[in-house]
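Asker: Sharing a model that was predicted from the sequence below.
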Amino acid sequence: MEVVIVADRQAAGELVGQAIADLLRRRPEAVLGLATGSTPLPVYADLARRCAAGEVTFAEARAFLLDEYVGLPADHPEAYRAFIARELEAHVDFPSGAVQGPDVRPTGADLLASCDDYEDAIRLAGGVDLQLLGIGTDGHIGFNEPGSSLASRTRLKTLTDQTRQDNARFFRSLDEVPRHVVTQGIGTILQARHLVLLAFGGEKAAAVARAVEGPVAAMVPASALQLHPHATVVVDEPAAGKFRQADYYRETFAHKPGWQGL
Ligand code: F6R
């Protein structure tokens, strides 16, 4: 795993935006895995800027969302499909229909089938080339809460109280935060060819340190990144605050050959 400590969110956005632009230049039909929430916003802002400047095109690319709330109207501004349309698709040149999220409208057995269909759609697209990830203060990736199987696939999950409280800032009240979500599983996420996890702010420091430097455990879902051959963790200084090996990460990145990229 590579850990990169950057000065701030904007530097992280530029670094990861550059990696995505490089990927799309090498492989215009690349498949991206998109996270929502506040963390990926600097990356999306950087990609919008690069697209406007003609440095990158998404004309042949495709993308899959990590997760979606269950029970929100599809046009609710905090539905993740609406979030991605607003924060990324509106500012870059994805063809229509190129960005997909899990269909969370069915119930019962139909919802289980819809989760399987989503797995199939990712597989049929050739798998995800680069998966963006945030991390919850409880260590979740996607909405795989602590205790999620490291082999899990796309399915219905229940959010922890901690996650609902963390996400209440996007809603008018805690009561409005959905309890249920559909999320790609940890096993699904691990099949992406490159995982890029971002974390900003001191409130993420403990979770990211456990994920990177602690044991691999279902109770810390993000620790599953240790099992992946190409995982990159990009953090700002406050989020790096609890690493034991911070100096080593800084020295490694400072002396990395330029040709290696992320
Ligand atoms: C969102 C997602 C979540 C968030 C995490 C951090 O698609 O999968 O894992 O990345 O909850 O949220 P923020 O970025 O809002 O701190």
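Answerer: That came through, no problem.

Asker: if you skip the residues just before and after it, what's nearest to Val196?
Answerer: Of all residues not flanking Val196 in the chain, Thr232 sits nearest, at 4.9 Å (CB to CB, 6 or more residues apart in numbering). Any C-beta I mention is one placed from the backbone N, CA and C, and that applies to glycine too.

Asker: what sits against that neighbour?
Answerer: 1-4, 19, 194-197, 262 (CB atoms under 8 Å, 6 or more residues apart in numbering).

Asker: can you rerun that using 7 Å?
Answerer: Thr232 makes contact with 2, 4, 195-196, 262, according to CB atoms under 7 Å, 6 or more residues apart in numbering.

Asker: residue ranges of the strands in the chain, please?
Answerer: Under the criterion DSSP state E, the chain contains strands at 2-6, 31-34, 62-65, 67-69, 99-100, 130-133, 155-158, 180-183, 194-199, 231-236.

Asker: what's the closest of those strands to the ligand?
Answerer: strand 67-69 (4.9 Å; CB to the nearest ligand atom).

Asker: Strand partners (parallel or antiparallel) of that closest one?
Answerer: With DSSP bridges as the test, strand 67-69 is paired with strand 180-183 (antiparallel).

Asker: Determine if any part of the partner strand is in contact with the ligand.
Answerer: No. Using CB under 6 Å from any ligand atom, strand 180-183 stays clear of the ligand, with a minimum separation of 6.8 Å.

Asker: Count the residues that sit near Asp166.
Answerer: By other CB atoms under 10 Å, 18 other residues sit near Asp166.

Asker: Now do it against Ile135, distance only.
Answerer: As judged by CB to CB, to the nearest Å, Asp166 and Ile135 stand 11 Å apart.

Asker: cool, and Phe170?
Answerer: Phe170 sits 17 Å away from Ile135, going by CB to CB.

Asker: These two: which has the busier surroundings?
Answerer: Legend: neighbour count by other CB under 10 Å for Phe170 and Ile135, higher for Ile135 (27 against 14).

Asker: Now the more buried one, what are its backbone angles?
Answerer: Dihedral pair for Ile135: phi -140, psi 140, per degrees, to the nearest 10.

Asker: correct me, but it touches Ala209?
Answerer: No. Counting by CB atoms under 7 Å, Ile135 does not reach Ala209; the two are 10.7 Å apart.

Asker: what's Ala125 in contact with, if anything?
Answerer: Neighbouring residues of Ala125 by CB under 7 Å, 6+ apart: 31, 62.

Asker: Thr158 is in contact with Arg179, isn't it?
Answerer: Yes. Counting by CB under 7 Å, Thr158 does reach Arg179; the two are 5.9 Å apart.

Asker: per-residue confidence at the nearest residue to Glu55 once chain neighbours are set aside?
Answerer: Nearest-residue entry for Glu55: Ala21, 5.9 Å, with adjacent residues in sequence omitted and distances by CB to CB, 6+ apart. Looking at Ala21, its pLDDT reads 98.

Asker: same thing with Trp259?
Answerer: 89.

Asker: For stretch 230-238, buried residues please.
Answerer: 231-236 (16 or more other CB atoms under 10 Å).

Asker: Any stretches of the stretch 101-250 of the chain with poor pLDDT?
Answerer: For the stretch 101-250 of the chain, no stretch is flagged by pLDDT under 70.

Asker: and it, which of its residues are near the ligand?
Answerer: Within the stretch 101-250 of the chain, the positions lying close to the ligand (CB under 6 Å from any ligand atom) are 134-136, 140-143.

Asker: Quick check: the farthest pair among those?
Answerer: Using CB to CB, these span at most 11.6 Å, a distance reached by Ile135 and Phe143.

Asker: so Ala240 touches Ile5, yeah?
Answerer: Yes. Using CB under 7 Å, Ala240 makes contact with Ile5 at a distance of 4.5 Å.
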